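> Just a sequence and a predicted model for now, questions to come.
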Amino acid sequence: VQLQASGGGFVQAGGSLRLSCTISGLSFDDYAIGWFRQAPGKEREAVSCIGNSAPLYYADSVKGRFTISRDNAKNTVYLQMNSLKPEDTADYYCAAVLGLTGSSSSREYDYWGQGTQVTVSS
């Protein structure tokens with residue numbers, strides 16, 4: 001199983017980025033996909049999660065700014081991040097959990113991708 005996250009980068013506050021997570025080696029339609037992030041010196045936190053088609057969870061800190069979506073034909077999940085703030089700076093990880101109810105708890109997830117770094121300057 002492979003989860004390949006991409007799309008991170010350096011952006012000024014107020015800017016946008018779109019993260020992608022392409023997954024192989026599992027039955028994509030059977031898994032909810034989550035995005036997590038970890039800033040230096042902080043614990044990993046859930047950002048968003050999507051079931052078969054509908055978002056299941058957004059962290060309060062990103063509601064109204066981030067949008068999660070998935071393309072089952074491409075085995076890919078996206079995280080559109082708008083109005084970025086310096087506090088969004090972190091390594092972002094995608095993860096897969098069997099079942100379509102999802103979870104905001106990282107302990108529930110079965111597979112993880114490598115991180116993609118997002119840096120937002122003030």
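Arrived safely, thanks for sending.
> Is it correct that Gly15 is in contact with Leu84?
Yes: look at Gly15 against Leu84 with Cβ atoms under 8 Å: they come within range, at 5.4 Å. C-beta: built from backbone N, CA, C; applies to glycine.
> Could you check which of those two has the larger neighbour count?
It is Leu84, of Gly15 and Leu84, that has more neighbours when counted by other Cβ atoms under 10 Å, with 22 against 14.
> pLDDT score assigned to that one?
pLDDT recorded at Leu84 is 98.
> who's in contact with the most centrally placed residue in the chain?
By Cα atoms, centre = their mean, the chain has its centre lying nearest to Trp35, at 2.4 Å. The neighbourhood of Trp35, defined by Cβ atoms under 8 Å, 6 or more residues apart in numbering, consists of 19, 21, 46-49, 68, 77, 79, 92-95.
> so which strand or helix has it?
strand 31-38 (DSSP states H and E).
> Mind listing what's buried along that strand?
Within strand 31-38, the residues scored as buried using 16 or more other Cβ atoms under 10 Å are 31-37.
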